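Student: everything below, folded, please.
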Amino acid sequence: VQGTLFSIPRQYLECDSETFRTMFTLPQPNGAVEGRSEGHPLELRGLDVSEFKEFLRVLTARDVMWKDSNLRHVPSSWIPVLKLATMWQFDEIRKRAIEYLRLEDPVTRAMLARQYNIRGWLTKALWELSHRGHTLQHEDYIALGFDFAINVVHLNE
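Tutor: Got it, this is the predicted structure:
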């Protein structure tokens, strides 16, 4: 990820993700399978190292985290976890990220609902936005996207 080599047991990635099970079996033109050794790493492009670290933190500690609610991390760090769990089809991690992110503000929930297709969130977030007693702020327009934010404003009228 961004030139950083992560050495993690493959079973963490293969266990709950068909995406990774497939990636680890695809031979490359030179005959080597990516991810089998440090000499042939599996390159994950288009990711930020910090996002991947957050995802790995949850992936490698999930058995402990699921049992001990005191280990719940700051909700904003669950956004990259949601992003990568959705991208790589880690359904259980995605469900857990959604559970923790449900406490976010309505703008964030509306943005996440649209971006990651989270059922039930958009309607509730829009209702909250239309009943919160003040207009959208500049940063809300950025988070929601201008066109969508304009539609939210029309709900308030």
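
Student: show me where pLDDT drops low in this structure?
Tutor: 24-40, 62-76, 155-157 (pLDDT under 70).

Student: chain neighbours aside, what residue packs nearest to residue 12?
Tutor: residue 59 (5.4 Å; CB to CB, 6 or more residues apart in numbering). Yep, even glycine has a C-beta here, placed from its N, CA and C like the rest.

Student: ok, now which ones touch the one you found?
Tutor: Shown in contact with residue 59 (CB atoms under 8 Å, 6 or more residues apart in numbering): 12-13, 90, 93.

Student: could you flag which of those residues are buried?
Tutor: Buried members of the contacts of residue 59, scored by 16 or more other CB atoms under 10 Å, are 13, 90, 93.

Student: distance check, the first one against residue 19.
Tutor: This points to residue 13. Distance, residue 13 to residue 19, by CB to CB, to the nearest Å: 9 Å.

Student: just the second one next, same as before
Tutor: Distance, residue 90 to residue 19, using CB to CB: 8 Å.

Student: hang on, the earlier thing: export the buried ones among the contacts of residue 59 to TSV and tack on distance to residue 43?
Tutor: Shown next, in TSV, are these (distance: CB to CB, whole Å):
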residue	distance to residue 43
13	14
90	19
93	22
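
Student: which ones among those map onto strands?
Tutor: Using DSSP state E, no member of the buried ones among the contacts of residue 59 sits in strands.

Student: many thanks, we can stop here.
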